[in-house]
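1. quick one: sequence plus predicted model below, questions after.
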Amino acid sequence: MRQDQEDPYQRRSAQVYAAADRAGSGSVASPRAVLYDAVLLDRDGTLIEDVPYNGDPEKVRPVPGARAALDHLRAAGLRLAVVTNQSGLARGYFTGEQMRAVHARVEELLGRFDAWLVCPHDDADGCDCRKPAPGLVYAAARELGTTASRCVLVGDIGRDVAAALAAGAAGVLVPTPVTRPEEIAAAGWVATDLPAAVAEILRRQQAVQPSAPPTEPVRTALVVRSDSAGDVLVTGPAIRAVAAGAERVVLLCGPRGRAAANLLPGVDEIIEHPLPWIDPAPGPVDPQSMRSLTARLGALGADQAVVFTSFHQSALPLALLLRMAGIGRIAAISDDYPGSLLDIRHRVPVGVPEPERALSLAAAAGHRLADGDEPVLRLRRDAVPPRPADLGDPGYVVLHPGSAASSRACPPELATRIVGALTDAGHRVLVTGGPDERAVTARVAAAGGTDLGGRTDLAGLAAIVADAGAVVVGNTGPAHLAAAAGVPVVSLFAPTVPFGQWGPYRVPTVRLGDAAAPCRDTRAASCPVPGHPCLSGVDPDEVVAALRTLAPSGGGGR
Ligand SMILES: [Zn+2]
């Protein structure tokens, strides 16, 4: 899935104007597992001051600090492209020749770009390249010899970020006075200005590369991720990084994460044991249970432990048990003072995607992904069963309305209307859910979908998701299964936790829902606001349109 997902626009990108003399620069994709090969920059309002429909080189004014910021990127080996909507061409406000003169002036002031990608169309043209469509991002990645998921786009409005996400690239919003508040709320990554965006891109890139390998060889590494399926899945890249540097990896997980743990590459052995203090509804800490866990961990003879946590969890209670188990080298993220409980105390700014946050901890512990591996979610092929034959051809839409946390679930009434709208648009819809969600899936599927509620475990769901054209889902485990399979996601994302940390990672995504709703950043497990307004206002037609954006060739099960 992942390979053909990278460029569904190949046939349709003839409309994209690239700098002809610089085309075909060949592959630069690094065999090393870096986050980014290239930075894509919006032009007006991002690189230069926005002068509407400017055809005059004399009016080009770079934003403050632009030249130095771009030179930092160039010095770090990143390729640069400009991706810009210029509907003034379609409207006849300036000529192609005038535009090229403007671009020459931009390069005079800001240095050379490796590619220029221009959409000359207007909204009414319905092209695939005008942002927020992802066509320019795919085209830029191709020009630069890399893939969209290894690009980060910097822009000043919501269209820029949406185009990046729809191609599976990262998107940084650098707001200006014209950026709308809802665009700022919806963006997963916001920087105050271009130099700040560049500094954070370079910091994130650096943070997943260890400054030194582990001081001593690691025979057995214990890795820990003790919460739910989604948490375990997003830690997968970091666990693979540890596995690349250790002879044997033992994963300690909780009961809610066990099914996901079974799916992760790089894990040699799993220990399932609840850590009650991690749970949102924590049970009591049983001394006998903790003694038996400590004894079991001690018997592993691990040379190193890497404790992965969410930003609101503490690694320190477990670190104490690991010390009591005799484990000598312990690494974890901790803002709290760890005293002698950690050998490597790592810290991460807020807003970093969970997979990168975990990768940066693995790097602090001396590990990085093997050459040829990518910082993307992956599943073990041998752990995913064949898809049931009775589901028909691939390309259907999976709608997964539920979530373990009801605050992050799609309201059933909305899910029902979405099924109706998708069916009317010609999509085949499979409605999935766990055994305890059967009543909801039956009700939702009655609007025209196939009810698979309770029919699959997590591995079986992964198999169904892998053959989908797209998945429509809230912020919950199946979104990460889709990311692992490279299947595009329409994310009905309740803003209870930051989208930038928990949104589908490195997979084409359209985010829907009210990002500024009052539940924002509450981490509430059940919606604190009557009517679940962050999601209930989604129009089913937005979902249909999102599928068109993500699969413009009409994939989606027609
Ligand atoms: Zn266009």
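-> It's in.
2. what is the neighbour count of Trp502?
-> For Trp502, the count of nearby residues is 24 (other C-beta atoms under 10 Å). For the C-beta atoms, the positions are set from N, CA and C on the backbone; glycine is no exception.
3. name the nearest residue to it, ignoring sequence neighbours.
-> If you skip the residues right next to it in sequence, Trp502 has Asn475 as its closest partner in space, 5.5 Å away by C-beta to C-beta, 6 or more residues apart in numbering.
4. so what's the one you found up against?
-> Contact partners of Asn475, counting by C-beta atoms under 8 Å, 6 or more residues apart in numbering, are Gly230, Ser403, Arg408, Ser491, Phe493, Ala494, Thr496, Val497, Trp502, Gly503.
5. these two touch, right, Pro518 and Pro530?
-> No: taking contacts as C-beta atoms under 8 Å, Pro518 lies outside contact range of Pro530: 10.1 Å.
6. in which helix or strand does the residue of the stretch 151-300 of the chain found nearest the ion reside?
-> Distances from the stretch 151-300 of the chain to the ion, computed as C-beta to the ion, single out Ala163 as the nearest residue at 11.0 Å. Taking DSSP states H and E as the definition, one finds Ala163 inside helix 158-166.
7. now the element after that helix, going C-ward?
-> Once the chain leaves helix 158-166, the next helix or strand it forms, by DSSP H and E, is strand 170-173.
8. who does that next one touch, helix- and strand-wise?
-> Taking 3 or more C-beta pairs under 8 Å, 6 or more residues apart in numbering; DSSP states H and E as the contact definition, the neighbouring helices and strands of strand 170-173 are strand 151-155, helix 158-166, helix 194-207.
9. from the stretch 351-500 of the chain, which residue is nearest to the ion?
-> Among all residues of the stretch 351-500 of the chain, Pro488 sits closest to the ion, at 20.1 Å; criterion: C-beta to the ion.
10. which residues touch that residue?
-> Shown in contact with Pro488 (C-beta under 8 Å, 6+ apart): Gln5, Gly469, Ala470, Val471, Ala482, Val507, Pro508, Thr509, Val510, Leu550, Ala551.
11. the fourth one bridge partners, please.
-> Right, the one you point to is Val471. Beta-bridge partners for Val471, by DSSP bridges, are Val398, Val489.
12. if we can go back for a sec, point out the most buried one among the helices and strands packed on strand 170-173.
-> By mean neighbour count, with neighbours taken as mean count of other C-beta atoms under 10 Å, strand 151-155 ranks first of the helices and strands packed on strand 170-173 at a mean of 28.
13. can you list the strands that that one pairs with?
-> Sheet pairing here is set by DSSP bridges, and for strand 151-155 it gives strand 38-41 (parallel), strand 170-173 (parallel).
14. surely the residue of the stretch 151-300 of the chain closest to the ion touches Cys129?
-> No: counting by C-beta under 8 Å, Ala163 does not reach Cys129; the two are 9.2 Å apart.
15. buried residues of the one helix or strand Met99 maps to, list them for me.
-> Assessed by DSSP H and E, Met99 sits inside helix 96-110. Residues of helix 96-110 classed as buried under the neighbour-count rule (16 or more other C-beta atoms under 10 Å) are Gln98, Met99, Ala101, Val102, His103, Arg105, Val106, Leu110.
16. and stretch 369-389, by the same measure?
-> Leu369, Asp373, Glu374, Pro375, Val376, Leu377, Arg378, Leu379, Ala383, Val384, Arg387.
17. for those residues, give me TSV that also has distance to Ala261, pLDDT and secondary structure.
-> Below are the buried residues of stretch 369-389 laid out as TSV (distance: C-beta to C-beta, whole Å; pLDDT from 0 to 100; DSSP: H, G, I helix; E, B strand; the rest coil):
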residue	distance to Ala261	pLDDT	secondary structure
Leu369	19	96	coil
Asp373	19	94	coil
Glu374	21	93	coil
Pro375	20	95	coil
Val376	18	96	coil
Leu377	14	97	coil
Arg378	14	97	coil
Leu379	11	97	coil
Ala383	10	95	helix
Val384	14	95	coil
Arg387	22	91	coil
